[in-house]
Structure formats: structure tokens, C-alpha cells
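[1] sequence and predicted model, in that order:
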Amino acid sequence: MAEVGYTKVVSVKTTGSTLYVALPGSAASFDFSGEMLDITDFSSTGWRSRVRGLKDYSCSVTNFFGSTVAVMATLRSAILTGVSLDIRYLPDGTKGVQGRVLLESYNMSGDVGGVESLEISLPSDGTALTTL
């Protein structure tokens, strides 16, 4: 059964904090990947052979920017200091994945006829991903 997008919750917290704060997002994606390593040798009978190498994950979110929204200060601090953030990506609002990320990019944009938005990119810091 398909999930509706408006129930999604993407939230972050600083390490050591106990409170996750939801990002006021309008679009979000969570990407899993695994590097494929070529191990083809002379005995491969003309077919490539591969093994799975390193795994990775990342999240990107488009947010509505608000200077009074508390999570914006957390994001600004993370991009300036380089500290890791704990993230939860919950497609149905309750179940999903949890990991630790670094804030790679913090891009604000807007125009006179629209609202200010903030696009952030959050790659894994190497911590294993867990299922909620």
C-alpha cells in the first residue's frame, strides 16, 4: 500500500540532546547506496564478477526557511561547527530509519513572488543506520 507524502517526518537533534526537532520541509529524500567492487578475473568466463563494498546513506531536505524557527539555529550551528546530527526519516510519520549525518550544504534561496527556502544535504558520518 502506498504512503501519502504529507505524513512524512524528518527530524534532527544534536548529539547529546534527547529532543528531535522536525524540519519544516516541503520535500525530502533518503538515499541508500552500496559500492559495487569489480572482482572479475581470468576464471570469470566472460562475465563480470562483483561484490558489495562500502554502504552509505544520505538525506536531502527542502525546508521553508523561518528565522524564528528553532531548528534553523541548530542547522546553522551544525554547518559552521561541523558537528554531527542525529536524523530520523519517517515516511509514514512513525516508522523509518535513524542515523547520524553531517550537514554538507545549507543553501537558502527565494524570490519576491515566493517564500524563502532552505535546501540541505546531509550525508552519513559513517555511523550505521538503524531501523525504527
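    Received, thanks.
[2] mean confidence for stretch 122-132?
    Across stretch 122-132, pLDDT averages out at 96.
[3] got the contact list for it?
    Applying Cβ atoms under 8 Å, 6 or more residues apart in numbering, the external contacts of stretch 122-132 come out as 32, 55-61, 84-85, 87-88, 90, 94-104. Bear in mind the C-beta positions are built from the backbone N, C-alpha and C, glycine included.
[4] quick check on these: which are buried?
    57-61, 84-85, 87-88, 90, 96-103 (16 or more other Cβ atoms under 10 Å).
[5] what's the pLDDT at F32?
    For F32, pLDDT reads 95.
[6] note down every partner strand of the helix or strand harbouring it and its orientation.
    Assigned by DSSP states H and E, F32 falls within strand 25-38. Strand 25-38 sits in its sheet next to strand 50-64 (antiparallel), going by DSSP bridges.
[7] of all the residues in the helix or strand of the chain with the lowest mean pLDDT, which ones are buried?
    When the helices and strands of the chain are compared on mean pLDDT, DSSP states H and E, helix 70-81 comes out lowest with a mean of 89. Within helix 70-81, the residues scored as buried using 16+ other Cβ under 10 Å are 71-72, 74-75, 78.
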